[in-house]
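Peer 1: Sequence first, then the predicted structure, then my questions.
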Amino acid sequence: MNDRYLARHVVGLKPSGIRKFFDIVATMKDVISLGIGEPDFVTPQPIIEAGIQALHAGETHYTSNAGLFELRQAITGHILKTYGVDYDPKTEAIITVGVSEALYLTMTALLNPGEEVIIPTPCFVSYQAEVILAGGVPVEIPTFVEDGFQVQPDRLETAITPRTKAILLGYPNNPTGAVYSREVLLEIARIAEKHDLVIISDELYDQLVYGVKHVCFPSLPGMRPRTVLLGGFSKNYAMTGWRAGFACGPAEIIKGLVRIHQYTIMSAPTMSQLAALEAIQHGHKFVVQMRDEYDRRRKLIVGGLNQLGLPTFEPHGAFYAFPNVAITGMDDETFAQKLLEEERVAVVPGNSFGAGGEGFVRCSYATAYEKIEEALRRMQHFMQRHG
């Protein structure tokens, strides 16, 4: 059997650079991983208990396709209270199997064959793939450390063609940790309005920001009617395995998402939805505790990498550092491979995240402080040989 039965657009998908490295890591011992984009915290106990209680109470059946109304109500209430954006929980919100499904649904609902989505890069590895799987064409615009890894409006506007349908933003950013300023977002909003484009705003890490304020894109003047807001519980609440996410947006767009969701998924797991309800209603104190610890780790890893001679952009969101490895004379792929082989430290090559990531590596600080300290010691040995 070979891949001749597979659709051409599936055969042509680039394998995930993250998965490639972690397949190697799985065969090795004594590896310190700075690669995985997953909180090392266990889901807070009250949230776990809510999931367990749901099972004991027999909450093992389907919910409505759009998800539990109480959860949609809590999410839209949270967005209104935090960002001043008012969504109708009945018609303008859907609960999904993580934000990944929300992204899939959005692309599938919006794109006609050949329509283009502009994606500032570096970005999360699945963005381009989801556009392709929906029949669209991803158009990458590299961003640069000199601009704080924020897309420059003139470069963005130059990329627009008659086939452009949407702009996909992901901030706080994975892998750079960049947080968009209000000024740049207002320029993006102006361009979107001028060219009648949809904005797909993935704000999964919105509560994990350090010393800056997160700006919710649909809160900008005139942007609510043309924005699909994506979010979830995996990162903020350490709930990756629960697979709970959401999308909010104009009723006519969310109706399209629900239509696809009902045929492909039916509904997100009921016990996960009830755990997510507990999280959004009572979990904020845990978010603050985890954010404070991430901030402590952030200062450690950014300072440590800079001291090693690896210039590191200061991340203001998410839990990633993105050092430049050019001083070693290696490309990012070679650097990551040699660091893993020689010092048993796993990082992810920046080229895995699209144009603009070349020459950098992603280091996640969603791992224990002591492990980061040891990783930095090992990297010091590496740099003494290669720096």
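Peer 2: Happy to help now that I have it. All figures in this text were calculated on a predicted structure; none of them were measured in a lab.
Peer 1: so what's G51 closest to, chain neighbours aside?
Peer 2: A275 (3.9 Å; C-beta to C-beta, 6 or more residues apart in numbering). Any C-beta I mention is one placed from the backbone N, CA and C, and that applies to glycine too.
Peer 1: quick one: buried residues of the helix or strand where Q262 lies?
Peer 2: Using DSSP states H and E, Q262 falls within helix 251-264. Neighbour counts over helix 251-264 (16 or more other C-beta atoms under 10 Å) mark I253, I254, G256, L257, V258, I260, H261 as buried.
Peer 1: May I have the phi/psi pair for V345?
Peer 2: Main-chain torsions, V345, degrees, to the nearest 10: phi -120, psi 130.
Peer 1: how about it, what does it touch?
Peer 2: By C-beta atoms under 8 Å, 6 or more residues apart in numbering, the contact list for V345 reads V31, I32, L34, L339, A375, R378, M379, F382.
Peer 1: Now the second one: phi and psi?
Peer 2: What that stands for is I32. phi -100, psi 120.
Peer 1: immediately after the lengthiest helix in the chain, which helix or strand?
Peer 2: In terms of residue count, the longest helix belonging to the chain (DSSP state H) is helix 284-307. Heading C-terminal from helix 284-307, the first helix or strand you meet, by DSSP H and E, is strand 312-313.
Peer 1: Mind listing residues that contact that following strand?
Peer 2: Strand 312-313 is contacted by residues 145, 148-149, 176-178, 301-302, 305-306, 321-324 when judged by C-beta under 8 Å, 6+ apart.
Peer 1: For R190, state which of the residues you listed is nearest.
Peer 2: Taking C-beta to C-beta as the measure, R190 lies nearest G148 of those, at 19.1 Å.
Peer 1: My guess is the closest one contacts E183. True?
Peer 2: No: applying C-beta atoms under 8 Å as the test, G148 and E183 come out as separate, 11.1 Å apart.
Peer 1: Who has more neighbours out of those two?
Peer 2: Neighbour tally, G148 and E183, criterion other C-beta atoms under 10 Å: the higher count belongs to G148, 17 against 10.
Peer 1: Who are the contact partners of the more buried one?
Peer 2: A178, S181, F313.
Peer 1: re the thing from before, now the contacts of strand 312-313 in TSV, with secondary structure?
Peer 2: Formatted as TSV, those follow (DSSP: H, G, I helix; E, B strand; the rest coil):
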residue	secondary structure
V145	helix
G148	coil
F149	coil
T176	coil
G177	coil
A178	coil
I301	helix
V302	helix
L305	helix
N306	helix
A321	strand
F322	strand
P323	strand
N324	strand
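Peer 1: ok, the residues you listed vs E70, which is closest?
Peer 2: G177 (33.6 Å).
Peer 1: Wait, that closest one touches V302, no?
Peer 2: No: counting by C-beta under 8 Å, G177 does not reach V302; the two are 9.0 Å apart.
Peer 1: neighbour count winner among the two?
Peer 2: Higher neighbour count among G177 and V302: G177, with 28 against 20, using other C-beta under 10 Å.
Peer 1: picking that back up, just the buried ones from the contacts of G148?
Peer 2: A178, F313.
Peer 1: can you list the contacts of G148 in a markdown table and add distance to K194?
Peer 2: Shown next, in a markdown table, are those (distance: C-beta to C-beta, whole Å):
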| residue | distance to K194 |
| --- | --- |
| A178 | 24 |
| S181 | 20 |
| F313 | 30 |
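Peer 1: Tell me who's in contact with T63.
Peer 2: I95, S267, A268, T270, Q273.
Peer 1: Okay, and the beta partners of the first one?
Peer 2: I95 has these beta-bridge partners by DSSP bridges: F246.
Peer 1: For it, which residues are in contact?
Peer 2: Applying C-beta under 8 Å, 6+ apart, the residues near I95 are 63, 66-68, 71-72, 75, 244-246, 267-268, 273, 276.
Peer 1: what does A268 give?
Peer 2: So A268 contacts T63, G67, I95, T96, V97, E101, R243, A244, G245 (C-beta under 8 Å, 6+ apart).
Peer 1: export those residues to JSON lines and tack on pLDDT and distance to L208?
Peer 2: Below are the contacts of A268 laid out as JSON lines (pLDDT from 0 to 100; distance: C-beta to C-beta, whole Å):
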{"residue": "T63", "pLDDT": "97", "distance to L208": "28"}
{"residue": "G67", "pLDDT": "98", "distance to L208": "24"}
{"residue": "I95", "pLDDT": "98", "distance to L208": "21"}
{"residue": "T96", "pLDDT": "98", "distance to L208": "20"}
{"residue": "V97", "pLDDT": "98", "distance to L208": "21"}
{"residue": "E101", "pLDDT": "98", "distance to L208": "21"}
{"residue": "R243", "pLDDT": "97", "distance to L208": "19"}
{"residue": "A244", "pLDDT": "98", "distance to L208": "17"}
{"residue": "G245", "pLDDT": "98", "distance to L208": "16"}
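Peer 1: quick one: which of these is nearest E203?
Peer 2: Relative to E203, the closest of the contacts of A268 is G245; by C-beta to C-beta it sits at 11.2 Å.
Peer 1: quick one: the closest one and E101, what's the gap?
Peer 2: 6 Å (C-beta to C-beta, to the nearest Å).
Peer 1: Neighbour count: those two, which is higher?
Peer 2: Using other C-beta under 10 Å as the criterion, G245 and E101 rank with G245 on top: 27 against 24.
Peer 1: Could you tell me which residues make contact with that one?
Peer 2: Shown in contact with G245 (C-beta under 8 Å, 6+ apart): 95-102, 204, 230-234, 268.
Peer 1: Closest to V117 out of these?
Peer 2: Of all these, V117 sits closest to L230, with 13.6 Å by C-beta to C-beta.
Peer 1: what's the spacing between that closest one and T96?
Peer 2: Relative to T96, and taking C-beta to C-beta, L230 is found at 9 Å.
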